[in-house]
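Chemist: Would you be able to build a 3D model of this:
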Amino acid sequence: MKQRTVMRCTAGYGILAILLCLLVLLNLNIGTVSLSPAEVFGILLGKTSANTAIIWEIRLPRLIAAVILGGALSVSGFLLQTFFSNPIAGPFVLGISSGAKLTVAMAMIGCLSHGWVMNSTGMILAAFVGSMISMGFILLISGKVKKMSLLIICGVMIGYICSAITDFAVTFADDSNIVNLHNWSMGSFSGVSWENVGTMTVVTVVCMVLTMLLSKPMDAFRLGEVYAQSLGVPVKLFRAQLILLSSVLSATVTAFAGPISFVGIAVPHLVKSLFRTSKPILILPASFLGGAVFCLFCDLLARTLFAPTELSISSVTAVFGAPVVIWMMLHRDKGRH
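Modeler: Predicted structure coming up:
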């Protein structure tokens, strides 16, 4: 049995790694200006070309952002699913991403109206505050409702309220630079700088290391709070750690790419189906890889499908992620009957 699990996990990681490499190449080569693989490799190795700026200043930072933020969002969704013991929980559905979007938009509008430039750290802090406020509402509601379906509905309503306020603020903002906020508020990896990439990498790596350190108590917690307590897991502290890590990861994504739908729900489920296990020690890194692959694929479609017009990344992720969520809900209902 262990040998079969090892083989399945090896195959799963192999598939994800191959897909990641393939999508990295496609994202570097394909765009408004199509480049050959030889030219791309030459530019990456330091050769000067007329298209050097396209690779180093536009495509490469965007590609790295899609990998890091896609992985972070998927892991954030897995942590929330563990916390609520429900596979449909996720930062977008529970309104956490929308709360982060609202506070970042307000902070950016405030800074721009005074002629200030908001740096990466400020954006993450603003998004974290919004994430924690939304999470606070969700936790408050979770103590009053018994059905998870009602909690999901409340989360969706919180998301709609936050999105509506954000849209009003962006629409009636005075500064001409606010126009850039519109693309961000719809979800997009465009316009990412190397400074942004550096900040998101540091935050995500730290969160991933801390999350991996929690994989053992997470494994016990998914079997029930009582079981986790019997093994010596400090449940209250552990739940607080899950919330904080999930909020920081989703805040980082929202700060740089805006709200991205369904990745946090669909990808962990697809990865668990591929690996046929729910062990956090295996699923956490696989979820990160899966989120990176999913977002690279969706971003490639968003950029190229109707080029030069670019779709919002959230629209594309919804097309592929929503059917997975519907299938999950139908599958759960069948399992109950």
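Chemist: Can you report how many residues lie near Ile54?
Modeler: By the other C-beta atoms under 10 Å criterion, the neighbourhood of Ile54 contains 18 residues. Using the backbone N, CA and C atoms, a C-beta is placed for each residue, glycine as well.
Chemist: Surely it touches Val40?
Modeler: No. Taking contacts as C-beta atoms under 8 Å, Ile54 lies outside contact range of Val40: 9.7 Å.
Chemist: Let me see the mean pLDDT of stretch 228-247.
Modeler: Averaging the model's pLDDT scores along stretch 228-247 yields 87.
Chemist: Now that stretch - C-alpha only, PDB.
Modeler: Provided in PDB are the C-alpha atoms of stretch 228-247 (Å, rounded to 0.1, in the frame of the first residue of the first chain):
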ATOM      1  CA  ALA A 228      -6.100  16.300  17.800                       C
ATOM      2  CA  GLN A 229      -6.300  17.300  21.500                       C
ATOM      3  CA  SER A 230      -5.700  13.700  22.600                       C
ATOM      4  CA  LEU A 231      -2.400  13.900  20.600                       C
ATOM      5  CA  GLY A 232      -1.400  17.000  22.500                       C
ATOM      6  CA  VAL A 233      -2.200  19.600  19.700                       C
ATOM      7  CA  PRO A 234      -3.100  23.000  21.300                       C
ATOM      8  CA  VAL A 235      -6.200  23.400  19.200                       C
ATOM      9  CA  LYS A 236      -7.000  27.100  19.900                       C
ATOM     10  CA  LEU A 237      -3.400  28.100  19.100                       C
ATOM     11  CA  PHE A 238      -3.400  25.900  16.000                       C
ATOM     12  CA  ARG A 239      -6.700  27.300  14.700                       C
ATOM     13  CA  ALA A 240      -5.300  30.900  15.200                       C
ATOM     14  CA  GLN A 241      -2.100  29.900  13.300                       C
ATOM     15  CA  LEU A 242      -4.200  28.500  10.400                       C
ATOM     16  CA  ILE A 243      -6.300  31.700  10.200                       C
ATOM     17  CA  LEU A 244      -3.200  34.000  10.300                       C
ATOM     18  CA  LEU A 245      -1.300  32.000   7.600                       C
ATOM     19  CA  SER A 246      -4.300  31.700   5.300                       C
ATOM     20  CA  SER A 247      -5.000  35.500   5.700                       C
END
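Chemist: can you offset everything so residue one is 90?
Modeler: From this message on, residue numbering opens at 90, which makes the last subject stretch 317-336.
Chemist: quick one: buried residues of that stretch?
Modeler: Ala317, Val322, Phe327, Arg328, Gln330, Leu331, Ile332, Leu333, Leu334, Ser335, Ser336 (16 or more other C-beta atoms under 10 Å).
Chemist: can you list the residues that contact it?
Modeler: Here stretch 317-336 makes contact (C-beta atoms under 8 Å, 6 or more residues apart in numbering) with 165, 168-169, 171-172, 180, 185, 217, 220-221, 224, 228, 296, 299-300, 303, 306-307, 309-310, 314.
Chemist: and the residues you listed, which are buried?
Modeler: 165, 168-169, 171-172, 180, 185, 217, 220-221, 224, 296, 300, 303, 306-307, 309-310.
Chemist: Pass me the low-pLDDT residue ranges in the stretch 190-339 of the chain, would you?
Modeler: 235, 237, 262-272 (pLDDT under 70).
Chemist: how about the helices in the stretch 240-389 of the chain?
Modeler: Secondary structure of the stretch 240-389 of the chain, counting by DSSP state H, counting those that start in this stretch: helices at 268-275, 283-302, 304-310, 314-319, 324-346, 352-364, 369-393.
Chemist: Export those as TSV, with columns for distance to Leu105.
Modeler: Shown next, in TSV, are the helices of the stretch 240-389 of the chain (distance: least, C-beta to C-beta, whole Å):
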stretch	distance to Leu105
helix 268-275	28
helix 283-302	16
helix 304-310	18
helix 314-319	29
helix 324-346	19
helix 352-364	8
helix 369-393	4
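Chemist: Please read off the pLDDT at the residue nearest the centre of the chain from the model.
Modeler: When C-alpha atoms, centre = their mean is applied to the chain, the residue found nearest the centroid is Leu162 (2.0 Å). According to the prediction, Leu162 has pLDDT 94.
Chemist: ok, now the one 5 residues further on?
Modeler: In the prediction, the pLDDT value recorded for Phe167 is 93.
Chemist: Could you tell me how far it is located from Leu400?
Modeler: 26 Å (C-beta to C-beta, to the nearest Å).
Chemist: how close does the residue nearest to the centre of the chain get to Gln92?
Modeler: For Leu162 relative to Gln92 (C-beta to C-beta), the value is 33 Å.
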